[in-house]
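> give me coordinates for this.
(2 chains)
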Amino acid sequence: MPPLRRNDQWLRFGLKPLVFIACLIPFALLLKGVIEGNLGANPLERVTDVTGQWGLRLLLLTLAVTPLRRLTGWAWLQRFRRMLGLFVFFYITLHFLTWVWLDQELAWGNIVADIAKRPYVTVGFSAWLLLLPLAATSTRGMMRRLGRRWQRLHRAIYLIGLLGVLHYIWLVKADLLEPLIYASLLGILLAVRWRPQLLQRFVPGGRPINVR
Amino acid sequence: MLIKKPAYILPSEITDPQIYSRRREFLKAAAALGIGAMTSGAAQAMSKSKTEPLPEPNWPRTPIPDVVDTPYGEGLALTEYEYVTGYNNFYEFGTGKDDPVRNAHTLKTRPWTVVVDGECEAPGEIGIEDILSSYPQEERIYRLRCVEAWAMVVPWVGVPLGDLLKRFKPTSKAKYVAFETLVDREQMPGQRRAVLDWPYREGLRMDEAMHPLTILATGLYGELIPNQNGAPLRLVVPWKYGFKSIKSIVRISFSQTLPETTWWKLGPDEYGFYANVNPKVDHPRWSQASHRVIGEELFADRQPTLMFNGYADQVAELYRGMDLTKFY
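Now for the predicted structure:
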């Protein structure tokens, strides 16, 4: 890799916009499908599935930033974390709006009843609620203002990940393969936080990892 | 988490006949509109490229000769062929909705024999060619309501199950009929994973099996049934959730006792033996009061689900005096 600290321009005006656009591709494809009306036999199911899946995938990617940074020693990776996290919020909000607006057709009575009564909805809704304060405090200003409390607050992402995976496990009928793949990846990402030493054996050349 | 209700539901409680007949008129008008909308929709769809194209129909499309018209389903707007054959739950070929259309070409449907045994005087076998040539092939346009809260309208071709069952002379001990799907890991790649307890099993009470609405489907849209829809022979019970309508049947057994059925075994609190379409009894995880219509656009409204999927007039009598919240 190029020495990026010296090459900040490349990161800010090259790589970052590129990642930003990449994160928007699933949304763009979905939007194209909506406009052209070719989302298949069950468009609502497709939109719900795509937004939910990408929300979860990006969440795992967000959680992978820190372990990857420790493994590789590439400090600049950290600079993508906020963007990835905000895209989680973006896709999960779309997922939630799809349910509230297109699926439930804004029938608030049913929506509240479903949240209260159906565990997978309760769990999914809670995860989205927990994302709200994280998105709201994602700015540099808020980071500064909250100081130490910021980090404590943002640990909620671990819980959000667990709730998200549980939401998926609880909604499938019989085939648990996909939700269990997400669960395993989440498990690994949480395990290396709990025991950062687990990463050590994967570090090339035995360089001690930075557990901070 | 089922909705609590009084112990008995009278058929009269289920739908007021006057409302029912008005609903019919409304449905007819809606269907007329629907057909109009679908034709313009189809014309639009043809001019567009798909983001994830499904395979073009590359399966053999064999017309069934002398299909007999029936009045069933008059006025219902058909779901497009592309969706009927491209959006399927058939876990033997994968759990995704478009897995069957992509994977079911490996199924060999000739020769095909169904073993009929159990509580009957004349157990034996019947071949698919025999079924196709010995019985009039009737067109039956039925609503199909999946337990996942989506619905289609399918123009099936088939024979009344009762006509076929009579041939094997069920005895008075035959209280139920059990069905089994083929097990073959080579032909059915989905069976390589134990997603379900193979073979897929289903069952009906004898009176349900003998009901004139219940058919063994040999075709759809006037042609032999495509593999992904359960070739060469599948059950269709239009007032029950789709999972009751077992596909690619190789065995039919008359039984004195309630047969163990696949989804019931997997989740008895979620999938009952009866599995009658009932807007008032929710699946524990989602409401069954309404559904999405397959082929409709993203912003289309959910449609109210009808008691017994709209076949209450014909079948409510079968369940008179039963607590349908208990026998779901």
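> for the helix or strand containing residue A:126, which outside residues touch it?
Using DSSP states H and E, residue A:126 sits in helix A:119-136. Helix A:119-136 has contacts (CB atoms under 8 Å, 6 or more residues apart in numbering or on different chains) with A:85-86, A:88-89, A:92-93, A:95-96, A:114-116, A:142, A:153-154, A:156-157, A:159-160, A:163-164, A:166-167, A:170-171, B:285. For glycine as for every other residue, the C-beta is placed from the backbone atoms N, C-alpha and C.
> how about the helices of the stretch 101-250 of chain B, start to end?
For the stretch 101-250 of chain B, helices defined by DSSP state H, counting those that start in this stretch occupy the ranges B:128-134, B:161-166, B:206-209.
> tabulate those helices (TSV), appending mean pLDDT and distance to residue B:60.
Converted to TSV, the helices of the stretch 101-250 of chain B look like this (pLDDT from 0 to 100; distance: least, CB to CB, whole Å):
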stretch	mean pLDDT	distance to residue B:60
helix B:128-134	97	14
helix B:161-166	98	24
helix B:206-209	98	30
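> can you pull the contacts of residue B:87?
Each residue near residue B:87 by CB under 8 Å, 6+ apart is listed here: A:40, A:41, A:42, B:97, B:98, B:152, B:294.
> swap in residue A:52?
Residue A:52 neighbours (CB under 8 Å, 6+ apart): A:91, A:92, A:95, A:168.
> which residues of the chain score low on pLDDT?
The chain I'm using is chain A. A:1-7, A:204-212 (pLDDT under 70).
> ah, no, chain B please
Looking at chain B by pLDDT under 70, you get B:1-55.
> quick check: residue B:132 touching residue B:225?
No: the pair residue B:132 and residue B:225 does not pass the contact test of CB atoms under 8 Å, sitting 10.9 Å apart.
> name the helix or strand for residue A:110, please.
helix A:108-117.
> next SSE downstream of the longest helix anywhere in chain A?
What stands out as the longest helix in chain A, according to DSSP state H, is helix A:43-72. In the C-terminal direction, the helix or strand that comes right after helix A:43-72 (DSSP H and E) is helix A:81-97.
> what angle do that next one and helix A:43-72 make?
Orientation of helix A:81-97 against helix A:43-72 (axes from the mean of the first three to the mean of the last three CA atoms, to 10 degrees) gives an angle of 160 degrees.
> circling back to that earlier point, tell me, what's touching residue B:132 and residue B:225 both at once?
residue B:218.
> quick one, which of these two is more surrounded?
The neighbour comparison of residue B:132 against residue B:225 (other CB atoms under 10 Å in any protein chain shown) goes to residue B:225, with 25 against 18.
> and the contacts of helix A:119-136, which are buried?
Among the contacts of helix A:119-136, the ones that count as buried by 16 or more other CB atoms under 10 Å in any protein chain shown are A:85-86, A:88-89, A:92-93, A:95-96, A:114, A:154, A:157, A:160, A:163-164, A:166-167, A:170-171, B:285.
> ok so residue A:149 is a helix residue?
Yes: per DSSP: H, G, I helix; E, B strand; the rest coil, residue A:149 lies within a helix segment.
> so who does it touch?
Counted by CB under 8 Å, 6+ apart, residue A:149 has zero contacts.
> excluding its backbone neighbours, what's nearest the residue positioned nearest the centre of chain A?
Closest to where the C-alpha atoms of chain A average out (CA atoms, centre = their mean) is residue A:59, at 1.9 Å. Once flanking residues are discounted, residue A:59 sits nearest to residue A:88: 4.7 Å by CB to CB, 6 or more residues apart in numbering or on different chains.
> ok, residue B:269 next?
residue B:284 (6.0 Å).
> do residue B:61 as well
Leaving aside its sequence neighbours, residue B:61 sits nearest to residue B:223 (CB to CB, 6+ apart; 5.1 Å).
> from residue B:229, how far out is the residue nearest to residue B:219 when sequence neighbours are not counted?
Distances taken as CB to CB, 6+ apart put residue B:157 closest to residue B:219, at 3.4 Å, once the chain neighbours are dropped. Separation of residue B:157 from residue B:229 (CB to CB, to the nearest Å): 11 Å.
> residues in chain A within reach of chain B, list them.
A:29, A:32-34, A:36-45, A:47, A:102-103, A:105, A:110, A:114, A:117-120, A:170-171, A:173-175, A:177 (CB under 8 Å from any CB of the partner chain).
> out of the residues you listed, which are buried?
Buried by 16+ other CB under 10 Å: A:33-34, A:38-45, A:47, A:102-103, A:110, A:114, A:118, A:120, A:170-171, A:173, A:175, out of the residues of chain A next to chain B.
> ok and the helix holding residue A:126 relative to helix A:43-72, angle-wise?
Relative orientation of helix A:119-136 versus helix A:43-72 (the same axes, to 10 degrees): 50 degrees.
> distance from whichever helix or strand comes after helix A:119-136 to the middle of the chain?
Downstream of helix A:119-136, the first helix or strand assigned by DSSP H and E is helix A:140-146. Its chain's C-alpha centre and that of helix A:140-146 lie 21 Å apart, by CA atoms, centre = their mean, to the nearest Å.
> can you list contacts of helix A:140-146?
Residues contacting helix A:140-146 (CB under 8 Å, 6+ apart): A:136, A:137, A:150, A:153.
> return the member of the residues you listed nearest to residue B:275.
residue A:136 (45.7 Å; CB to CB).
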